[in-house]
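1. Sharing a model that was predicted from the sequence below.
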Amino acid sequence: MDRQLGSIRISQRLSRRAALRLLGAGAGLSLLAACSAPAQPAAPAPTQPPAAAAKPAAAATTAPPAAAQPAPTTAPAAASGQKVSLRWFFWTGTEEEVQFWTSLAADAMQQVPNVDIKFETDTFANFWTRLPTMVASGNVPDLIGLQSLRTGSFASRNIYLPLDDLIAADKDVNIDDFNKGIRDGLSYKGKIYALAYDFGPIVVYYNKSLFDKAGVPYPKDDWSWDDFVSTSKALTRDIDGTPVMGFAAPNSFDSMLPFIFSNGGDYVDADFKKSLLSTPATVEAMQWYVDLIYKNKVSGVVDDPGNANWANDNFYGGHAAMFSTGPWNFVNARSKLKSDWDVTLMPRGKAGSVSWIAGSGFGIAAGTRFKNEAWQALKYITSTEGLNKVAKAGRGYPGRVSSVPAFLRTDVPPAHQDVIAKQAQSGKPYRTNSTWQEISDQLKRDLVDPITVLNKPLAETLKAAEPAYQALLDKGAQG
């Protein structure tokens, strides 16, 4: 839909047409599996005990450890008619997300006889460091979240149970209803390790109230990098006595990547063997991103490098007029900003407006004692009914084709929901390998934090960081 329609809500008819484009665009996610089939991300060593269920992610470090609860791997097998206690571990970033997944667990308990499901959570970053500890201690939850970027590393370590036999034996499961792209992204060496709940691209969220108060026109879908900078500058000011940054640019390679893609750059070659970080298009995009902070001064400097929610917190708190994220944050924006927000495409670079696409799902722990009960719970959570709830709540663009209509709502923001389909149409899969978790940590430590938080020169920082990155690519290629 043309951005000139302003704040007019999209029609249901147009939304559905746009959704079909997203379903087609999502097929590009199949490259995730193709490019990472040799193997994918290895998680770093954990540092914390498991968090208690039903606690917000931010409170995870102070919550009673889940390890103190009876673990499914050591519990006796369920007798006929005996209630089974399942643990479901997944990442969250806000209280709204915790409440949503806890309510879905309660719904699953209503649908699956003799099953009690306890939802446990932590931040996204902590999730991947904590899961290996749970596995090592024999305290792994029964149901576990899985992101497409990390399928290979955890599947290759036998943390997740292959679901193919369960799918084949269950006549109620129509696996073809799951979008093929994200289905492939959650597969490893021909086996499915999780059923998808969502997938989608990165777009720009903006606070309409801050735009209005600053007298700045809402962004159009065809805006350029220059337009983005000038808009951000016009918004970087005190508004109602509150300092506001035009755009929240976090210390995150994931946040840089849409700009790298839009500039015609990349981070690795087609065979996932050679670093492309020092190619001119990639270097130019990274420098442009850093310039948002230190040259154009439209973003604040991250004051807590370990806070993965820094950009979200500033946007929802009214301290940033824009930030970039995916459709999985609709639920948070609807709760915190009500109707005062909308979304638009990433700004155009030399290669256009190009975002990355990825998604997530849920799998079953390979070591669970209650495989059948966990399967029944997983079936409901990722059923059309379950994913309709995910979609309606704005927790993600659903992984099931049959649940897409539930995502397309005209009674709640954002007005321009068609942007998700449009952005995905030009998107690229976020490819990973077996060492991606290590790579992610290495890039943040050696490249991203130094240039975004410490304002170190990009050229010398990249020269120092790229050899270790290449070594991890080499290590992944050997896997």
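-> Sure, I can see it.

2. worst-scoring helix or strand of the chain, pLDDT-wise?
-> Least confident helix or strand, the chain: helix 30-36 with a mean of 37, by mean pLDDT, DSSP states H and E.

3. Point out where the stretch 51-200 of the chain drops to low pLDDT.
-> 51-81 (pLDDT under 70).

4. Report the backbone C-alpha coordinates of the helix or strand harbouring Asp449 in PDB.
-> Counting by DSSP states H and E, the element that carries Asp449 is helix 449-452. Taking Å, rounded to 0.1, in the frame of the first residue of the first chain, the C-alpha atoms of helix 449-452 are listed here in PDB:
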ATOM      1  CA  ASP A 449      31.100  -3.100  20.900                       C
ATOM      2  CA  PRO A 450      34.400  -1.400  20.200                       C
ATOM      3  CA  ILE A 451      33.000   0.700  17.300                       C
ATOM      4  CA  THR A 452      29.500   1.400  18.600                       C
END
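
5. now for it, which elements pack on it?
-> With contacts defined as 3 or more CB pairs under 8 Å, 6 or more residues apart in numbering; DSSP states H and E, helix 449-452 has these neighbours: helix 280-294, helix 458-478. In this view, the C-beta of every residue, glycine as well, is placed from N, C-alpha and C.

6. middle-most residue in the chain, spatially?
-> Gly359 (6.3 Å; CA atoms, centre = their mean).

7. So that residue belongs to a strand, correct?
-> Yes - judged by DSSP: H, G, I helix; E, B strand; the rest coil, Gly359 forms part of a strand.

8. from what I can see it touches Asp198, true?
-> Yes - using CB atoms under 8 Å, Gly359 and Asp198 qualify as a contacting pair, with a distance of 5.4 Å.

9. intersection of neighbour lists for those two?
-> 182, 396, 399 (CB atoms under 8 Å, 6 or more residues apart in numbering).

10. Could you rank the residues you listed by neighbour count and give me the top one?
-> Ile182 (32 neighbours; other CB atoms under 10 Å).

11. what's the host helix or strand of it packed up against?
-> Assessed by DSSP H and E, Ile182 sits inside helix 180-185. Contacts defined by 3+ CB pairs under 8 Å, 6+ apart place helix 180-185 against helix 12-26, helix 30-36, strand 195-201, strand 356-364.

12. which element follows the last one toward the C-terminus?
-> It stands for strand 356-364. Defined by DSSP H and E, the subsequent element after strand 356-364 is helix 371-381.

13. Only the buried residues of that next one, if you could.
-> Buried residues in helix 371-381, counting neighbours by 16 or more other CB atoms under 10 Å, are found at 371, 373-381.

14. what's the closest of those residues to Tyr205?
-> Ile381 (26.7 Å; CB to CB).

15. list the contacts for the residue lying closest to that closest one once chain neighbours are set aside?
-> Nearest residue to Ile381, sequence neighbours excluded (CB to CB, 6 or more residues apart in numbering): Ala108, at 5.6 Å. Residues in contact with Ala108 (CB under 8 Å, 6+ apart) are 115, 117, 377, 380-381, 386.

16. Just the closest of the residues you listed to Leu408, please.
-> For those, the nearest to Leu408 is Gly386 (17.6 Å; CB to CB).

17. Assess the claim that that closest one and Asp107 are in contact.
-> Yes - Gly386 lies in contact with Asp107 (CB under 8 Å); the separation is 7.3 Å.

18. Comparing the two, which shows the higher neighbour count?
-> The residue with more neighbours, out of Gly386 and Asp107, is Gly386; 24 against 16, by other CB under 10 Å.

19. quick one: what helix or strand has that one in it?
-> Counting by DSSP H and E, Gly386 is found in helix 384-393.

20. And that helix, what's buried?
-> 384, 386-393.

21. TSV please, covering those and showing pLDDT and distance to Thr129.
-> Formatted as TSV, the buried residues of helix 384-393 follow (pLDDT from 0 to 100; distance: CB to CB, whole Å):
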residue	pLDDT	distance to Thr129
Thr384	97	34
Gly386	97	28
Leu387	97	28
Asn388	97	33
Lys389	97	29
Val390	96	26
Ala391	94	30
Lys392	95	32
Ala393	94	27
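
22. export the residues you listed to a markdown table and tack on distance to Val354?
-> Putting the buried residues of helix 384-393 into a markdown table (distance: CB to CB, whole Å) gives the following:
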| residue | distance to Val354 |
| --- | --- |
| Thr384 | 31 |
| Gly386 | 32 |
| Leu387 | 27 |
| Asn388 | 30 |
| Lys389 | 31 |
| Val390 | 26 |
| Ala391 | 25 |
| Lys392 | 29 |
| Ala393 | 28 |
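
23. Closest to Arg445 out of these?
-> Val390 (33.6 Å).
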